[in-house]
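K.L.:
With the sequence up front, the predicted model follows.
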Amino acid sequence: MASERPSDGSGRDGREPRMPKDVQGLLQLCAGMSGSDTQNENTSFQEMTPERRKWLEEALENSTVSPVEEMKKAIGVIQDNDADVDDKVTAFETLVDWCEHIDFAIDFHKIGGFSIFQQSFESEEGEVRWSCLELIASLAQNNPYCQTAILQHGLMPTILKMLDTDSNPTVKVKALYAVSCLTRECEDGLNSFLSHDGFSVVMRAMQTDIEKVKIKSAFMLSAICSDNDKCKDIVCDIGMIDQLVGHLSEEHSNFHEHLLSAVLSIVRGHTRSLQQCSRPELNLISLLQQKVQDLKGKEQFQEEYEYALELLQLLQSSQGSTEQDVVR
């Protein structure tokens, strides 16, 4: 089994630079490679070494590659059951690079690229599963055509199941990323998320011991509920307010900042959720008063302090408290 690569972020430290996809990219790469040779003001031009000439000739030869052909090659590697895991992950990286461009992402769908998804989801290698989810997120991000195609392919429930049950933490993180890209400014994606009980899946994700999953779940909850009364009503219906407040009672962690941000997104301009937060049995006002006191003046917790203070003000205002009570 291949070792896991860095799970989050786009950096490829230590790897050879990819061949550029066009002449502009080639020029940029050449400039980058020669940067170390041009630090001196007295630098003079020298004859190109045989090694550099050979590299440049190969780069020029490959600078007019066909995106469709390159994607087909990558698809073939992923479909090959005998291919090495590292080769498959590299193929996914190639597809992500191309599919960051909307037109190439559409081409990926048109050439049958979606055929690799099910096979990849069923892979025993977590690296293959999360690489596939990262590709889906890249396809869906700000791309209405691919969002629709992914939903029509019936992938939302599969992705939610992976978020809910996969044993690999990075798979869970990438599943959240994919769901976020499918629901952002996409009404059909949001409706699919809701129809497959997505909020309950996110609620369970917050109960894991993986802080990154908890933080990203809260972040997505905040994004989905912002200015959406329908989603706020559902959150109230399934008892999510109680769980969110319950997490605030746990030992302090970085999760609390994102949790408070999510609660604020829900209660702002929404009387029902504000009333739920105000129930005496939740003891949220006392909890927030203590948090404000503990965090005040601590620069590293400034955002969390401001979230707690704003939520406290909203709750006390809803109960007719005076402004002085807020900071007492």
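P.N.:
The structure has been received and is ready for your questions. Owing to the predicted nature of the structure, the values given are computational and were not obtained by experimental measurement.
K.L.:
what about residue 182, helix or strand, and which?
P.N.:
Using DSSP states H and E, residue 182 sits within helix 169-183.
K.L.:
average pLDDT across that helix?
P.N.:
In this model, helix 169-183 has a mean pLDDT of 97.
K.L.:
hmm, who's touching that helix?
P.N.:
4, 7-8, 126, 129-130, 133-134, 136-138, 140-141, 147, 150-151, 156, 159-160, 162-163, 166, 189-190, 192-193, 198, 205, 208, 210, 212-213, 216-217, 220, 223-224 (CB atoms under 8 Å, 6 or more residues apart in numbering). To be clear about C-beta, it is placed using only N, CA and C from the backbone, and glycine gets the same treatment.
K.L.:
Recalculate using a threshold of 6 Å.
P.N.:
Outside of helix 169-183, the residues within contact range by CB atoms under 6 Å, 6 or more residues apart in numbering are 7, 126, 129-130, 133-134, 136-137, 140-141, 147, 159, 162-163, 166, 189-190, 193, 210, 212-213, 216, 220.
K.L.:
And stretch 209-218, by the same measure?
P.N.:
Contact partners of stretch 209-218, identified using CB under 6 Å, 6+ apart, comprise 169, 172-173, 176, 202, 205-206, 255, 258-259, 262.
K.L.:
From the chain's centroid, how far away is it?
P.N.:
If you compare the mean C-alpha spot of stretch 209-218 with that of the full chain, they lie 11 Å apart, counting by CA atoms, centre = their mean, to the nearest Å.
K.L.:
Stretch 161-171 now?
P.N.:
A distance of 14 Å separates the centroid of the chain from that of stretch 161-171, by CA atoms, centre = their mean.
K.L.:
got the CA coordinates for that stretch in PDB?
P.N.:
Output in PDB follows, covering the C-alpha atoms of stretch 161-171 (Å, rounded to 0.1, in the frame of the first residue of the first chain):
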ATOM      1  CA  LYS A 161     -22.100   8.500   2.400                       C
ATOM      2  CA  MET A 162     -18.300   8.800   2.100                       C
ATOM      3  CA  LEU A 163     -18.400  11.800   4.400                       C
ATOM      4  CA  ASP A 164     -20.500   9.900   6.900                       C
ATOM      5  CA  THR A 165     -18.900   6.500   6.900                       C
ATOM      6  CA  ASP A 166     -15.400   6.500   5.300                       C
ATOM      7  CA  SER A 167     -12.600   5.600   7.700                       C
ATOM      8  CA  ASN A 168     -10.100   7.900   6.100                       C
ATOM      9  CA  PRO A 169     -10.000  11.400   7.600                       C
ATOM     10  CA  THR A 170      -8.800  13.000   4.300                       C
ATOM     11  CA  VAL A 171     -11.600  11.400   2.400                       C
END
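K.L.:
No more questions from me, cheers.
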